[in-house]
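Undergrad: Here is the input, now give the coordinates:
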Amino acid sequence: MSTPAEQPPFRPLDEDWETALAIVAHPDDMEYGAAAAVARWTAQGKRVSYLMVTSGEAGIDGMEPELCRPIREREQVESAALVGVDTVEFLGYPDGIVEYGLPLRRDLARAIRRHRPEIVITTNFRDTYGGVFPNQADHIAVGRATLDAVPAAGNRWVFRELTAEGHEPWNGVRQVWAAGSPDGMHAVDTTETFAVGVASLEAHHAYLAGLSGEMANAAEFLESMGRIAGSRLGTTFAASFEVINFR
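TA: Numbers count the residues shown, from 1 in each chain. Next up, the predicted model:
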């Protein structure tokens, strides 16, 4: 596996946009790397909204899902507020067993039509993290459904019921950005917003308390990842993304 110094430099992300919708599988998915970027963008006056496909209710081993769900939803809302996001929605799919299919793609297309974003953000949907660690099945299903939901959102003859519901087609998505993808070649400087990104992950108190290993230490984990990305962008900290163009 190559070191950051041996990899090509990241290209800066295009920041000439006003609205974005982040579609991810679980509460905390945005916070493990991308929240500091969101804080940068909301500080610029951009509007970013969050859509969680599940409520992460299966994410704490010592807590029954029925008790866990409202806690994780509350922590996600509090976390999002720290980085300037005031719209957080939950689709209620069952955590851990999300399946790619037409119902998910339709629900995501509906959300894209409602929010009408220029940029759609998701997380790594590749099978692994750089060929080292396997990706989680929910991340893969949600990321791939997000890619397919973008063109569906713009085609009035796909999911015709959405138009009947009053959700007019939206062809305004320019790009999908997958945070933390091993195929990422773009990044954004998060040096000034790194601390608030850490705070947003630390807001997931119950979730972090149930973890062990390096991911339980929010500051150390994010610093390690942020410095690696920053070394390829020429900054102290950065968040990396795979960019998929739709225009």
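Undergrad: would you say Trp177 is within a strand?
TA: Yes - counting by DSSP: H, G, I helix; E, B strand; the rest coil, Trp177 is located in a strand.
Undergrad: quick one: furthest residue from the center of the protein?
TA: Within the chain, Ala164 marks the point farthest from the mean C-alpha position, 29.1 Å out by C-alpha atoms, centre = their mean.
Undergrad: What's the separation between it and Ala229?
TA: 44 Å (C-beta to C-beta, to the nearest Å). Every C-beta, even on glycine, is put in place using the N, C-alpha and C of the backbone.
Undergrad: now do Val24
TA: With C-beta to C-beta as the criterion, Val24 and Ala229 are 18 Å apart.
Undergrad: higher neighbour count, those two?
TA: Val24 (26 against 23; other C-beta atoms under 10 Å).
Undergrad: Might one say that the more buried one is in contact with Glu31?
TA: No - look at Val24 against Glu31 with C-beta atoms under 8 Å: they stay out of range, at 9.8 Å.
Undergrad: what about Arg74, how many neighbours?
TA: The burial count for Arg74: 13, using other C-beta under 10 Å.
Undergrad: so which helix or strand takes in it?
TA: helix 65-82 (DSSP states H and E).
Undergrad: Any idea how far that helix is from the middle of the chain?
TA: Centre-to-centre, helix 65-82 and its host chain are 16 Å apart (C-alpha atoms, centre = their mean, to the nearest Å).
Undergrad: if we look at that helix, which residues are touching it?
TA: With C-beta atoms under 8 Å, 6 or more residues apart in numbering as the contact definition, helix 65-82 has outside contacts at 27-28, 30-31, 35, 39, 50, 52, 55-60, 63, 86, 88, 90, 95, 196, 199-201, 203-207.
Undergrad: Tell me the strands beside the helix or strand bottoming out on mean pLDDT in the chain, with direction?
TA: The weakest-scoring helix or strand in the chain, judged by mean pLDDT, DSSP states H and E, is strand 128-129 (a mean of 90). Note on strand 128-129: by DSSP bridges, its sheet partners are strand 133-134 (antiparallel).
Undergrad: looking only at pLDDT, what's the mean for the strand it pairs with?
TA: Averaged across strand 133-134, the pLDDT comes to 93.
Undergrad: can you give me the strands for this protein?
TA: Counting by DSSP state E, one finds strands in the chain at the ranges 11-12, 19-24, 47-54, 88-93, 119-123, 128-129, 133-134, 175-179, 186-189, 238-245.
Undergrad: Show me the contact partners of the second one.
TA: Just to be clear, that refers to strand 19-24. 30, 34, 38, 41, 46-53, 108, 111-112, 115-123, 139, 142, 146, 149.
Undergrad: Could you list the buried residues of stretch 214-233?
TA: Ala218, Phe221, Leu222, Glu223, Met225, Gly226, Ala229, Gly230, Ser231, Arg232, Leu233 (16 or more other C-beta atoms under 10 Å).
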